[in-house]
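Engineer: got a predicted model here, sequence first, then my questions.
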Amino acid sequence: MTAACLWVIQVFSSSVSTANLIGENHGLDVIFCLIPQYTTKHLHTIKAAINTFAALLCTKTNVCSVVSKGYISGLLRLYEDWYSKDTQHAAIEIRHTLLRCLHKVTHSTAGRQAVISQGGLRLLYHTTQTDLLCKGLESLIDPSVQLMRKCLPKTPLPLTSDLSAYTFPLPGRAHAVPDVATDESREESDDEETEKNQEAPSTDYDDDLETDLNKLCLRPDPDRPKDLLPQYGRLCPEHSHDFTELDLSSEPEESSPSPLSSDEEAVLLNSLSLHSSRMDRRKTNSSNDLSNSSSGSQSQTETSTEGNTPATAQFVAGDFQSHSSILVKEARGEAPSILRGNEQDIEEEGTEEFHHCTMIDSLLKRHGACILHHEPKLYRAAAAKTKSIPGFSILAFPDFWGHLHPPGHEPMAPRKPNIQREKVFEDVQRFLNTHDIINQVVYDLEGSSLQCLSDSLRFFSNFECGNLRKAVQIRRYEYDLILNADTNCSQHAQWFYFEVSNMVADVPYRFNVINCEKSNSQFNYGMQPVLFSVREALEGRPHWVRTGTEICYFRNHFCPAQGRCRTTFYTLTFTITFKHNEDVCYLAYHYPYTYSALKAHLKVLQKSVDPAKCFFRQQILCKSLAGNSCPVVTITASPASRAWKDMLQLRNRPCIVLTARVHPGESNASWVMKGTLEFLCSSDLVAQSLREAFVFKIIPMLNPDGVINGMNRCDLNSEDLNRQWCKPDPVLSPTIYHTKGLLYYLNSIGRTPLVFCDYHGHSRKKNVFLYGCSVKETLWQSGSAVDTVGLKENPGYRTIPKTLDRIAPAFSFNSCNYLVEKSRSATARVVVWREMGVLRSYTMESTYNGCDQGIYKGLQTGTRELQDMGLKFCHSLLSVTKDLKDLYSRRLIDLDYNILDHKSHNFFEDDEPPCVEEIEYSTDCPKLKGTDLDSDINTNIANVDEEEDGGGSEDGHSGAKQWQGSIGKSQQSSMKSCLFPHPIRQAAMEKLSEKRDKCQGVTIVNGQITS
């Protein structure tokens, strides 16, 4: 009878108002008194009481009442009692239901604080560690872990401000930068990461689709007067160039260098002649004020005309932060053994008289420049002209030295079972055993010299593209890492790139990046960070390699330092075992690609092309906010002669416009662009045909300032540049404004690009894929009432994706879509399609991780595969040329379906399944299978006789058997007529059924439910 009444109350508790009413009438007190200490009798009634208590906790009022009355202490004591005495594990469901109650009460801050103050975390940790030793208790472990995660007190990040350590005074704005709270919708990329809120129902995505036919089909007015467009004529040098060199004899002598090349060589010579001691560099560093350094960085002005040399090159390139001793000994021809302790200090003093230019020259002479299309001295010269906010005076060794592809493919890292659980336990131990925690800051981007333990790792990130704001030693071999937010704002921390040294070989070090912001990551699906070892490079293996074990990504208990903007952070944790003692290594989110690397690479390409065959011209599109030039490259075939027919054919070639790196953290986009540039400048027959067919306008880095300063998402104006395309500000978003101006100009002279593609990186998906624009597909997907039968649309937007699916192993056709979303209306892809009328306007997304299909299935992508994707994209452009038959006859492209087994399959297979472990905190404790209300009633009826007779043995075995007993079909068939005890007559049931819909509420008086 008691259990039946409790079941009725559970049903009534599904209504918030009714649950509150029961609570107000002391129902919580009565039911809590029905929950006894450990016993083997009346288990069904006890379970019904606990479930009813949990059901009443669905309201905030009842939770507050339970907390204020001290019932949390009672629930913890009950859980401890049942845990300690249930040695035969016969009452697992009782313990699980008590955990459900605790989950309910910890929805409130007061409830979580009460659990902590009453020793709940320690109790849960202790019981869970014991449960791990017993089989069959998994159903208790996960709820306990989730409860501990939820109850860990919010800990502010150990920062003085949530704002970035870098600030930049914006034109026309006050120098004091506010704590910018950017819109959440800008957090992900047109990278089109539509799954940014994975909990959101799919209907939300459909609601985001554009259904206004006018907006989809009508071209809006230009955002600027037409008389401003002729200025972009200078960016079409193929129209004005006279190609006089074609009249010269075709002797195999090198063509005379352009003024740009000469001036670059002058910069190189000037920078190489600089002599600076390590002490001088330290003085220079100490004078850099990170919060006000932008004025210093802008004192070096790079003239807007091509190639003029700055008056002074103040950047002491070629100096490296932590490994001068390694490089000096290697340069002198000694064994590159790594010094220890004061030996290293002595050697550092000796470097004051050993000029770094000579050292680098010796290293290059000893090892040789072995990286194709990379010249360290050119890189150094380019870095000398690069302007950063803090005024970088140190080069990262991998960027200077160069990177070779690893010899083989690197498989995705297998996920260790329950690895996240292990890491959560270690984090809980931090709270419970504070005396074991070192908690020592060992690196601070904003701080001065720090006193570090002699055996602690040493960190550094004050170089181009670097990002690490603070490192805190937690245990001897564990470090918390805090990333720097994007300049002038307090968000978008995801990209990291830093140097680490002073390590011990063969010791596992745990790194925790604790202020990541995205709600999921490919790090949960086999992705690894990348590592570059200086020691390995000097031994002839200059590779960025995937590294790390015990990798997982999950929500943590940290919160912003000032409690503003974002309230949720995620931890990326990974363990690295270094190969060499006291090596110097670099760790990064993905393969770094710096602005200086691009500038040097363009110089190398310019030298490599034959001007008689390839017209290559690098120009400056505009200056960035910090004064860095944004290069634009024109590539096409030189005409066969200066005859008017050949010149006319050149000037009538259709244009293809390619852009990349609008989001600084998407370095994979730059590697794809590198592959595109190198292929287009090569002597390959396909490249030659493409140059003869098209004029390529390439802007390889739309956000140079963001890349230079190690940002993840935004420009110095704290805005996502890929949300500025509708009406870009010429002052605050100059690169977007002038890129759009160039597109307008091409459109105005009748040379609208045949293809536009913006290269991006995608952090949530595998493979490489395209996003395009289609009116029909958008209307179909949105369920619009617009009749699309009469709509005519050129299906040519699918030509390139289909071609890529056949020829590019990393490409997934089924991951592509062609939908136009309202939230993406200001992105490059949509604006170029809508305003310029470019049918084939794409965003190309490249994974940070790897592929789940074809010959690359299960492998992480490296720079080789990314560059190959840039090459394959060029190949796919052959499919839009007018003379396809000629191309087939010359066998420049093979679209045979059978050439490779890498065809895409089901679209949904490309989206990641839920992570095997909960990334977020569970909002509730899931019920055990077969423990819903109907199952409880059925089981109770099947055992009603034993329960009434006081059945159940003292040792719990009989109770366990009754608990898990099966019910025959004959019993099940009669259960619906036995939901309530026999004293309730049939007439009363009929009356209750008649009035069920008329009841407006209930009242509890003296324990009786009355209407």
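Structural biologist: Yep, it's here.

Engineer: endpoint to endpoint, stretch 223-232 covers what distance?
Structural biologist: In stretch 223-232, first residue to last residue: 15 Å (C-alpha to C-alpha, to the nearest Å).

Engineer: any buried residues in that stretch, and which?
Structural biologist: Neighbour-count burial for stretch 223-232 flags 229, 232 (criterion: 16 or more other C-beta atoms under 10 Å). The way it works is simple: take the backbone N, C-alpha and C, and place the C-beta from them, glycine included.

Engineer: then stretch 501-511?
Structural biologist: If you call a residue buried by 16+ other C-beta under 10 Å, then stretch 501-511 has these buried ones: 501, 502, 503, 509, 510, 511.

Engineer: okay, now the closest residue to residue 693 other than its chain neighbours: neighbour count?
Structural biologist: Nearest-residue entry for residue 693: residue 881, 4.9 Å, with adjacent residues in sequence omitted and distances by C-beta to C-beta, 6 or more residues apart in numbering. Close neighbours of residue 881, defined as other C-beta atoms under 10 Å, add up to 18.

Engineer: tell me which of the buried residues of stretch 501-511 is nearest to residue 780?
Structural biologist: residue 511 (46.5 Å; C-beta to C-beta).

Engineer: the closest one: what secondary structure?
Structural biologist: Secondary structure, DSSP: H, G, I helix; E, B strand; the rest coil: residue 511 is strand.

Engineer: where does the stretch 851-1000 of the chain dip in pLDDT?
Structural biologist: With pLDDT under 70 as the threshold, the stretch 851-1000 of the chain has low-confidence stretches at 882-911, 923-924, 926-1000.

Engineer: tell me the spacing between the residue nearest to the spatial centre of the chain and residue 405.
Structural biologist: Per C-alpha atoms, centre = their mean, the C-alpha nearest to the average position across the chain is that of residue 763, at 4.4 Å. Noted for residue 763: a distance of 22 Å to residue 405, by C-beta to C-beta, to the nearest Å.

Engineer: again with residue 686
Structural biologist: Taking C-beta to C-beta, one finds residue 686 at 22 Å from residue 405.

Engineer: just the element for residue 531, please.
Structural biologist: strand 530-533 (DSSP states H and E).

Engineer: just after that strand, pick out the following helix or strand.
Structural biologist: helix 534-538.

Engineer: remind me what that next one packs against, helices and strands.
Structural biologist: Contacts defined by 3 or more C-beta pairs under 8 Å, 6 or more residues apart in numbering; DSSP states H and E place helix 534-538 against helix 324-331, helix 397-401, strand 584-588.

Engineer: and residue 686 and residue 405? which has more neighbours close in?
Structural biologist: Set side by side, residue 686 and residue 405 show more neighbours around residue 686, with 19 against 14, by other C-beta under 10 Å.

Engineer: sorry, back to before: and the residue nearest to residue 693, how close does it get to residue 694?
Structural biologist: When C-beta to C-beta is the yardstick, residue 881 and residue 694 sit 8 Å from each other.

Engineer: cool, residue 111 as well?
Structural biologist: For residue 111, the distance to residue 694 - C-beta to C-beta - is 65 Å.

Engineer: pull the residues that contact the helix or strand where residue 832 lies.
Structural biologist: Assigned by DSSP H and E, residue 832 belongs to helix 828-836. For helix 828-836, contacts defined as C-beta atoms under 8 Å, 6 or more residues apart in numbering pick out 190, 215-216, 219-220, 222, 659, 662, 722, 725-726, 740, 743-744, 747, 752-753, 756, 758, 771-773, 820, 824-825, 838-839, 841-843.

Engineer: quick one: mean pLDDT for that helix?
Structural biologist: Average pLDDT, helix 828-836: 97.

Engineer: quick check: next helix or strand after it?
Structural biologist: Sequence order places strand 840-847 as the next helix or strand after helix 828-836, per DSSP H and E.

Engineer: partner strands of that following strand, parallel or antiparallel?
Structural biologist: Next to strand 840-847 in the sheet, as set by DSSP bridges, lie strand 755-762 (parallel), strand 768-771 (antiparallel).

Engineer: quick one, the first one and helix 828-836 angle?
Structural biologist: Our comparison of strand 755-762 with helix 828-836, counting by axes from the mean of the first three to the mean of the last three C-alpha atoms, to 10 degrees, yields an angle of 160 degrees.

Engineer: okay, buried residues for strand 755-762 please.
Structural biologist: Of the residues in strand 755-762, those buried (16+ other C-beta under 10 Å) are 755, 756, 757, 758, 759, 760, 761, 762.

Engineer: many thanks, we can stop here.
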